[in-house]
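S.K.: Below is the sequence, then the predicted model.
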Amino acid sequence: MQDNSTYDEMELLIRYMDGELTEEERTTTEKMLQQNTSLQERYENLIASKEAIRSQGLKERVQALHQEFHQQNKATETAKVIKPSSFGKIFMRIAAVLILVVAGYFAYEYSTTNNQTLYAENFVSYQLPVTRGEQQKDEIESLYNAKDYAAVINAVNKKPQKTQKDFFLKAQSYLQTNNAIAAIASFKIVEELNYTSKEKYFEQETDYYLALAYIKANDIDAAREKLKRITLNKQHIFYTKASEISNMQLEILKWKQ
């Protein structure tokens, strides 16, 4: 028989997944997930199960079991009595459903996930910010806004003195014309210029789009490192977008290499 700590951990992960924890509980749980690989894998399985339930029409069934789990736990706390056999039965019913769903979901994800689809799902065409009172845009920016990407690349190549913005727009234009390798080279120049300059331009934008370029080029290890850097910083402007790319999807791409 499994000990009560297993049930407590599962309950904690479910509440964390559902956004039901207090700020203090959430912070403590996140530290536990960072330090405990087994717990992190269990949580990722719960997330995968939740997504599978949504896509495979089993949501109502598992929600009912989930509610039953919560009600049983509440009743146990009120009575101050734990009934392992009843509690374990409910837990195992939930686990059985989740295991079946995870297996089906993983098979579906494996068959449908590739570097091109993952890139397309997460790519958003970059829009230059509009500055109030701006009188005149330079040629390269105007060409980019007009979506004349080949002309952007040509104009940057001809420009004698190039800035971070020039290389960034050139890299974006390469992405738009399906040349991930060239995009990576231009994004890396943006990084180099930012590293040696006091003024940082398009720094966080480059982080995210370079990660996508690595995915498109099927360099999954490099993509994983970039995404990890972003998701470690909750203030990063692409934190949410980067967090939507799961480790499971990246692992599938590694297996398919």
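M.R.: Perfect, thanks for sending it.
S.K.: helices and strands of this structure: which one bottoms out on pLDDT?
M.R.: One helix or strand of the chain scores below all others by mean pLDDT, DSSP states H and E: helix 59-79, with a mean of 57.
S.K.: Span of stretch 116-127 from start to end?
M.R.: 22 Å (Cα to Cα, to the nearest Å).
S.K.: And stretch 236-251, by the same measure?
M.R.: 24 Å.
S.K.: what comes up buried for that stretch?
M.R.: 236, 238, 241-242, 245-246, 248-250 (16 or more other Cβ atoms under 10 Å). For every residue, glycine as well, the C-beta is placed using N, CA and C.
S.K.: from the residues you listed, which is closest to Glu139?
M.R.: Phe238 (28.0 Å; Cβ to Cβ).
S.K.: Against Ser186, how distant is that closest one?
M.R.: 18 Å (Cβ to Cβ, to the nearest Å).
S.K.: What residues of the helix or strand encompassing Asn157 count as buried?
M.R.: Assigned by DSSP states H and E, Asn157 belongs to helix 149-158. Within helix 149-158, the residues scored as buried using 16+ other Cβ under 10 Å are 149, 151-153, 155-156.
S.K.: Can you list the low-confidence ranges for the chain?
M.R.: 1-8, 48-108, 131-137 (pLDDT under 70).
S.K.: returning to what we had before: name the surrounding residues that touch whichever helix or strand comes after the helix holding Asn157.
M.R.: Sequence order places helix 164-176 as the next helix or strand after helix 149-158, per DSSP H and E. The contact list for helix 164-176 (Cβ atoms under 8 Å, 6 or more residues apart in numbering) reads 123, 125-126, 128, 140-141, 144, 147, 149-150, 152-153, 156-157, 159, 180, 182-187, 189-190, 193-194, 197, 201-202, 205-206, 209-210, 212-213, 216.
S.K.: Only alpha carbons, please: show whichever helix or strand comes after helix 164-176 as CSV.
M.R.: Sequence order places helix 180-196 as the next helix or strand after helix 164-176, per DSSP H and E. The C-alpha trace of helix 180-196 is given here as CSV (Å, rounded to 0.1, in the frame of the first residue of the first chain):
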residue,chain,number,x,y,z
ALA,A,180,16.4,29.1,-40.6
ILE,A,181,20.2,28.7,-40.9
ALA,A,182,20.7,32.2,-42.2
ALA,A,183,18.3,33.5,-39.6
ILE,A,184,20.4,31.9,-36.8
ALA,A,185,23.6,33.5,-38.1
SER,A,186,22.0,37.0,-38.1
PHE,A,187,20.4,36.6,-34.7
LYS,A,188,23.8,35.6,-33.3
ILE,A,189,25.3,38.8,-34.7
VAL,A,190,22.6,40.7,-32.8
GLU,A,191,23.7,38.9,-29.6
GLU,A,192,27.4,39.7,-30.3
LEU,A,193,26.6,43.4,-30.9
ASN,A,194,24.6,43.6,-27.7
TYR,A,195,27.3,41.8,-25.7
THR,A,196,29.9,44.4,-26.8
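S.K.: now the angle between helix 180-196 and the helix or strand following helix 180-196, please.
M.R.: Next helix or strand after helix 180-196 toward the C-terminus (DSSP H and E): helix 203-216. Per axes from the mean of the first three to the mean of the last three Cα atoms, to 10 degrees, the angle that helix 203-216 makes with helix 180-196 is 150 degrees.
S.K.: buried subset of the contacts of helix 164-176?
M.R.: 123, 126, 140-141, 144, 149, 152-153, 156, 180, 182-184, 186-187, 189-190, 193-194, 202, 205-206, 209-210, 212-213, 216.
S.K.: Tell me how this protein divides into domains.
M.R.: For the chain, automatic domain parsing gives the domain ranges 4-112, 117-256.
S.K.: from those, which stretch is densest packed?
M.R.: Mean neighbours per residue, mean count of other Cβ atoms under 10 Å, is largest over the domains of the chain for domain 117-256, with a mean of 17.
S.K.: how long is that one end to end?
M.R.: First-to-last residue span, domain 117-256, Cα to Cα: 13 Å.
S.K.: And for stretch 241-257?
M.R.: 24 Å.
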